[in-house]
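**Q** Sequence first, predicted coordinates after that:
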Protein chains: 2
Amino acid sequence: MLPFARVAIIGLGLIGSSLARAIRAEMPTVALTGHDASPEVREIARRIGLCDDIADNAGAAVTDADLVILCVPVRAMETVAAEIAADLPPECIVSDVGSCKGEILAGLTRALPGRIVIPAHPVAGTENSGPESGFATLFKGRWCIVTPPDGADPAAVERVSELWRRVGANVEIMNAQHHDLVLAVTSHLPHLIAYTIVGTASDLEDVTRSEVIKYSAGGFRDFTRIAASDPTMWRDVFLANKDAVLEMLQRFSEDLSALQRAIRWGDGDALFSLFTRTRAVRRSIIEEGQDDAAPDFGRSH
Amino acid sequence: MLPFARVAIIGLGLIGSSLARAIRAEMPTVALTGHDASPEVREIARRIGLCDDIADNAGAAVTDADLVILCVPVRAMETVAAEIAADLPPECIVSDVGSCKGEILAGLTRALPGRIVIPAHPVAGTENSGPESGFATLFKGRWCIVTPPDGADPAAVERVSELWRRVGANVEIMNAQHHDLVLAVTSHLPHLIAYTIVGTASDLEDVTRSEVIKYSAGGFRDFTRIAASDPTMWRDVFLANKDAVLEMLQRFSEDLSALQRAIRWGDGDALFSLFTRTRAVRRSIIEEGQDDAAPDFGRSH
Ligand SMILES: NC(=O)c1ccc[n+]([C@@H]2O[C@H](COP(=O)([O-])OP(=O)(O)OC[C@H]3O[C@@H](n4cnc5c(N)ncnc54)[C@H](OP(=O)(O)O)[C@@H]3O)[C@@H](O)[C@H]2O)c1
Ligand SMILES: NC(=O)c1ccc[n+]([C@@H]2O[C@H](COP(=O)([O-])OP(=O)(O)OC[C@H]3O[C@@H](n4cnc5c(N)ncnc54)[C@H](OP(=O)(O)O)[C@@H]3O)[C@@H](O)[C@H]2O)c1
């Protein structure tokens, strides 16, 4: 049996449009409605036939739904929840895909008192955004973390989990606070560092921007992909997951200082020993199917 | 006309074996000899027919060469140069592919007084090493930086440059010191940061290693590829290019502190403005042909 029959997706960017495509592909009988704040995005969504119906306002999109999934930037979640509150059917489950969960859970609970709120986060994406960058297989083989509030109805949690399994994801249940700590290290800190180094490299006086670009194949170009991610999305993530991000950043800075000292004092053994340890992590990621085994991510050479 | 007729490659790992394959593919009449310190590597090189001849010692590989290219780790360059000094024909040009140039130029000049030394660095690679990970097209469309000493014979510089052009690289001439500063930011600092964050993530108490691996698709996995690079090679790079790496690291740390402050004080505008600026760098890299335009490096989804 399908976990839901009538799904509304609010926010039709990379994640929302990928989910719409995946639901179409895997559960074609589900009735899909969509809404996006941007008229251009709605126009594109209509043109490419992303959903059965694209509504001009959020409330109209949800009137008939048994599941609403909010796919907007983290700090827009509560606003959108308030917009749909009056039109939401009583039994309808509200979920979302935001990259941090603690603040969103609090916001949705505030905006939707007494409603069924089951947040989730699919750990999958690309550096692109917008409705045309989505694709149906984005979630295949990736993890989706569901973060129900204390005392949530297990049947509702299971239905949301089942939706994600149907689009190809593995599901893990976690509390929102632990989610935010884990993602601070596997996603938010990497983005922060990538944005920083690309900024640093752009601001040098002795090395030109053109040199940075020409010789980027030495490693730098990998960071520029991450640092090309959506500014609004990432601003929201860092503001919403401040404590966990600052904690991970503190640890990272300490480790970087230790390495700096090792270089300064010519301690080759310390360098060698760290560089040997880190290889094992890569191996595990490939073994667990979370990255390509092909060298250089399979870039064409 | 071919720039060289008899080329000897010392060190048959990723770069040495890729160069051997590329020379075979693009200049099939060149007589190729090879040597590697490791008997296993020599054995593999013979089995896969990498060169016309694989010599058991470095001296024997160079007796007849008009170009010798050292493809060993940075800190082994001077040792290998000393090993070949007695057997080197007087007119033979000695070059190398090491990732930092200042220290190598000094070392080769010490070990080979009065000889023609024209160092170079192809800015191309993967995270793998060893003779079986090489491939002929590695240098295509990448840059090779040639760093001749003051007063070098322009004809010798041109012959080395032409060799790299023939295997598909674009060539740039630079002095060794400037090379080391440029590569500190486009290659060495990115590797240092990647090694650090992978180390940090492995050492947490509140987040397990298994969680880090499962949710690595949020960005972290990109860093593990770089942090899986050869430990010997990278230890040598950081020791040999200490000053430039420490300078870039200092700037990076200052920029990271500024971002940390912006997060702590909830300064969303500062975050947004940096995150917008960094996108342009990615665009330029793709426009200049230094990375794939495909989302997510073209990983299969
Ligand atoms: N990208 C990833 O890698 C990734 C991965 C996992 C989870 N997420 C999460 O998924 C969510 C969406 O990210 P995305 O990558 O899909 O971003 P995106 O491509 O930028 O799409 C977001 C869409 O939401 C619209 N929107 C903004 N505010 C709205 C509002 N108040 N009401 C209705 N629509 C609104 C945006 O319209 P405008 O064009 O007018 O702004 C945009 O079309 C975020 O919470 C993010 O944290 C992202
Ligand atoms: N990998 C990259 O991305 C890249 C890019 C541009 C430039 N480079 C530079 O290219 C050089 C080679 O790197 P690579 O990636 O090709 O490394 P690699 O795959 O590890 O190959 C290096 C080879 O040199 C051998 N070797 C070590 N010391 C030697 C000696 N004294 N005499 C003869 N052979 C010796 C090694 O043998 P063992 O197996 O016994 O150690 C190994 O087979 C380094 O200087 C590096 O900085 C690398």
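**A** Happy to help now that I have it. Ligands and ions are numbered 1, 2, ... in the order given.
**Q** And the strands in the stretch 1-150 of chain A?
**A** Taking DSSP state E, counting those that start in this stretch as the test, the strands found in the stretch 1-150 of chain A are A:6-10, A:31-35, A:53-54, A:67-70, A:93-96, A:116-117, A:120-122, A:143-146.
**Q** can you pull the contacts of residue A:136?
**A** With contacts defined as C-beta atoms under 8 Å, 6 or more residues apart in numbering or on different chains, residue A:136 is in contact with A:18, A:21, A:22, A:24, A:25, A:26, A:167. For every residue, glycine as well, the C-beta is placed using N, CA and C.
**Q** I'd assumed residue A:237 was in contact with residue A:102.
**A** No. Residue A:102 is beyond contact range of residue A:237, at 11.9 Å (criterion: C-beta atoms under 8 Å).
**Q** More neighbours: which of these two?
**A** residue A:237 (28 against 20; other C-beta atoms under 10 Å in any protein chain shown).
**Q** Residue A:188 is in contact with that one, correct?
**A** Yes. In this structure, residue A:237 is within contact of residue A:188 by C-beta under 8 Å, at 5.8 Å.
**Q** between these two, what contacts are shared?
**A** Contacts common to residue A:237 and residue A:188, judged by C-beta under 8 Å, 6+ apart, are A:99, A:100.
**Q** how about the residues of the stretch 201-301 of chain A near ligand 1?
**A** Residues of the stretch 201-301 of chain A that fall close to ligand 1, judged by C-beta under 6 Å from any ligand atom: A:230, A:233, A:237.
**Q** tell me the SS of the second one?
**A** Secondary structure for residue A:233, judged by DSSP: H, G, I helix; E, B strand; the rest coil, is helix.
**Q** That one and residue A:104: what is the separation?
**A** Between residue A:233 and residue A:104 the computed distance is 13 Å (C-beta to C-beta, to the nearest Å).
**Q** Now do the shared contacts for these two.
**A** Common neighbours of residue A:233 and residue A:104 (criterion: C-beta under 8 Å, 6+ apart): residue A:74.
**Q** Which one of these two is surrounded by more residues?
**A** Neighbour comparison, residue A:233 and residue A:104: the larger count goes to residue A:104, with 27 against 22 (by other C-beta under 10 Å).
**Q** which ones are touching that one?
**A** Here residue A:104 is in contact with A:74, A:77, A:78, A:96, A:98, A:119, A:176, A:240 (criterion: C-beta under 8 Å, 6+ apart).
**Q** Which pair in these has the greatest spatial separation?
**A** A:78 and A:176 (14.5 Å; C-beta to C-beta).
**Q** ok so, going back, for the strands of the stretch 1-150 of chain A, give me TSV that also has mean neighbour count, distance to residue B:197 and mean pLDDT.
**A** Listed next are the strands of the stretch 1-150 of chain A as TSV, based on neighbours: other C-beta atoms under 10 Å in any protein chain shown; distance: least, C-beta to C-beta, whole Å; pLDDT from 0 to 100:
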stretch	mean neighbour count	distance to residue B:197	mean pLDDT
strand A:6-10	26	34	98
strand A:31-35	23	37	98
strand A:53-54	18	41	98
strand A:67-70	26	30	99
strand A:93-96	26	28	98
strand A:116-117	22	33	98
strand A:120-122	26	21	98
strand A:143-146	23	20	98
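**Q** need those in CSV with distance to residue B:155, can you?
**A** Output for the strands of the stretch 1-150 of chain A, formatted as CSV (distance: least, C-beta to C-beta, whole Å):
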stretch, distance to residue B:155
strand A:6-10, 66
strand A:31-35, 67
strand A:53-54, 68
strand A:67-70, 67
strand A:93-96, 67
strand A:116-117, 75
strand A:120-122, 60
strand A:143-146, 59
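**Q** give me every residue that touches residue A:134.
**A** When contacts are taken as C-beta under 8 Å, 6+ apart, residue A:134 is in contact with A:13, A:14, A:15, A:16, A:17, A:18, A:19, A:20, A:21.
**Q** Go again with 6 Å.
**A** Residue A:134 makes contact with A:14, A:17, A:18, A:21 under the criterion C-beta atoms under 6 Å, 6 or more residues apart in numbering or on different chains.
**Q** and what of residue A:232?
**A** By C-beta under 6 Å, 6+ apart, the contact set of residue A:232 is residue A:73.
**Q** can you check residue A:98 too?
**A** Residue A:98 neighbours (C-beta under 6 Å, 6+ apart): A:74, A:77, A:104.
**Q** And the nearest residue to residue A:12 once chain neighbours are set aside, how close does it get to ligand 2?
**A** Spatial nearest neighbour of residue A:12, excluding adjacent residues (C-beta to C-beta, 6 or more residues apart in numbering or on different chains): residue A:36 at 4.3 Å. Taking C-beta to the nearest ligand atom, to the nearest Å as the measure, residue A:36 falls 43 Å from ligand 2.
**Q** So residue A:36 sits against residue A:42, correct?
**A** Yes. Counting by C-beta atoms under 6 Å, residue A:36 does reach residue A:42; the two are 5.3 Å apart.
**Q** what about residue A:207, is that helix, strand or coil?
**A** coil.
**Q** Phi first, then psi, for it.
**A** Residue A:207 adopts backbone torsions of phi -120, psi 130, taken as degrees, to the nearest 10.
**Q** I'd like to know how far the closest residue to it other than its chain neighbours sits from ligand 2.
**A** For residue A:207, ignoring the flanking residues on the chain, the nearest one in space by C-beta to C-beta, 6+ apart is residue B:182 at 5.1 Å. Between residue B:182 and ligand 2 the distance is 14 Å, computed by C-beta to the nearest ligand atom.
**Q** Let me know the helix or strand that residue B:182 is in.
**A** In this assignment (DSSP states H and E), residue B:182 forms part of helix B:176-183.
**Q** what's in contact with the helix or strand following that helix?
**A** Sequence-wise, the next helix or strand downstream of helix B:176-183 (DSSP H and E) is helix B:189-202. Contacts to helix B:189-202, defined as C-beta under 6 Å, 6+ apart, come from residues A:185, A:193, A:219-220, A:223, A:251-252, A:255-256, A:259, A:274-275, A:278, A:281, B:212, B:223-224, B:226-227, B:234, B:248.
**Q** how about 7 Å then?
**A** Contacts with helix B:189-202, where a contact means C-beta atoms under 7 Å, 6 or more residues apart in numbering or on different chains, come from A:185, A:189-190, A:193, A:197, A:219-220, A:222-223, A:251-252, A:255-256, A:259, A:274-275, A:277-278, A:281, B:209, B:212, B:220, B:223-224, B:226-227, B:229, B:234, B:238, B:245, B:248-249, B:252.
**Q** Those in strands, which ones?
**A** Here DSSP state E is the test, and those give no hits in strands at all.
**Q** Please pick the buried ones from those residues.
**A** The neighbour count (16 or more other C-beta atoms under 10 Å in any protein chain shown) marks A:185, A:189-190, A:193, A:197, A:219-220, A:222-223, A:251-252, A:255-256, A:259, A:274-275, A:277-278, A:281, B:212, B:220, B:223-224, B:226-227, B:229, B:234, B:238, B:245, B:248-249, B:252 as buried among the contacts of helix B:189-202.
**Q** Kindly provide the distance from the closest residue to residue A:16 other than its chain neighbours to residue B:150.
**A** With sequence-adjacent residues excluded and distances taken as C-beta to C-beta, 6+ apart, residue A:16 is closest to residue A:71, at 3.2 Å. According to C-beta to C-beta, residue A:71 stands 60 Å off from residue B:150.
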